[in-house]
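**Q** mind folding the following:
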Amino acid sequence: MPTYTLLNTETDEMSETFCSWSELESFLEEHPTFKSIVLTAPALVSGVAGRSFKTDDGFKENMARISEAHPNSPLADQFGTNKDIKTSKTNAVLKKHKIKSIGKSHDLNDISKEYKSGDLVK
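**A** Numbers count the residues shown, from 1 in each chain. As a prediction, the model looks like this:
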């Protein structure tokens, strides 16, 4: 049930009431000096973080698949990809040198050529 804010038009006092919509309508019909001001929804808890809360394996798999499609994104840093060790080390070097762009493609040879030419450095 929601919380309703009521205004007494005679005294300009505001009060809150916790009731159903039908109860509010009947109250407003019986008391014409009151007017409903704001409707607020109840606070809902969608999940509880902690030991008992676990991310679904299907969700993790889907995020890993997305991160493979975008290997230089923060999502790939969080969920990992199926990169080989050489690619992981190269990406670490690019990150260390603060490369601002990955170039036109995800091909590491193209990226290293652009880096050597000075186009990618901040």
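
**Q** strands of this structure, start to end?
**A** Secondary structure of the chain (DSSP state E): strands at 3-8, 13-18, 34-40.

**Q** got those strands as JSON lines, with mean pLDDT columns?
**A** Formatted as JSON lines, those follow (pLDDT from 0 to 100):
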{"stretch": "strand 3-8", "mean pLDDT": "87"}
{"stretch": "strand 13-18", "mean pLDDT": "88"}
{"stretch": "strand 34-40", "mean pLDDT": "77"}
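
**Q** for these, which one ends up most surrounded?
**A** Among the strands of the chain, ranked by average contacts under mean count of other CB atoms under 10 Å, first place goes to strand 3-8 (a mean of 16). For glycine as for every other residue, the C-beta is placed from the backbone atoms N, C-alpha and C.

**Q** what pairs with that strand, and is each one parallel or antiparallel?
**A** Partner strands and pairing direction for strand 3-8 (DSSP bridges) are strand 13-18 (antiparallel), strand 34-40 (antiparallel).

**Q** of all these, which one is nearest Ala92?
**A** Each of the strands paired with strand 3-8 has some distance to Ala92 by CB to CB; the shortest is strand 34-40, at 48.7 Å.

**Q** stretch 63-74: end-to-end distance?
**A** 12 Å (CA to CA, to the nearest Å).

**Q** ok, stretch 15-32 next?
**A** Counting by CA to CA: the opening and closing residues of stretch 15-32 are 15 Å apart.

**Q** what do you get for stretch 35-54?
**A** 46 Å.

**Q** just stretch 72-89 next, same as before
**A** End-to-end distance of stretch 72-89: 13 Å, with CA to CA as the criterion.

**Q** and it, what's buried?
**A** The neighbour-count check on stretch 72-89 (16 or more other CB atoms under 10 Å) flags Asn72, Leu75, Ala76, Phe79, Thr81 as buried.

**Q** got the strands paired with strand 3-8 as a markdown table, with distance to Lys86 columns?
**A** A markdown table is the format used below for the strands paired with strand 3-8 (distance: least, CB to CB, whole Å):
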| stretch | distance to Lys86 |
| --- | --- |
| strand 13-18 | 62 |
| strand 34-40 | 56 |
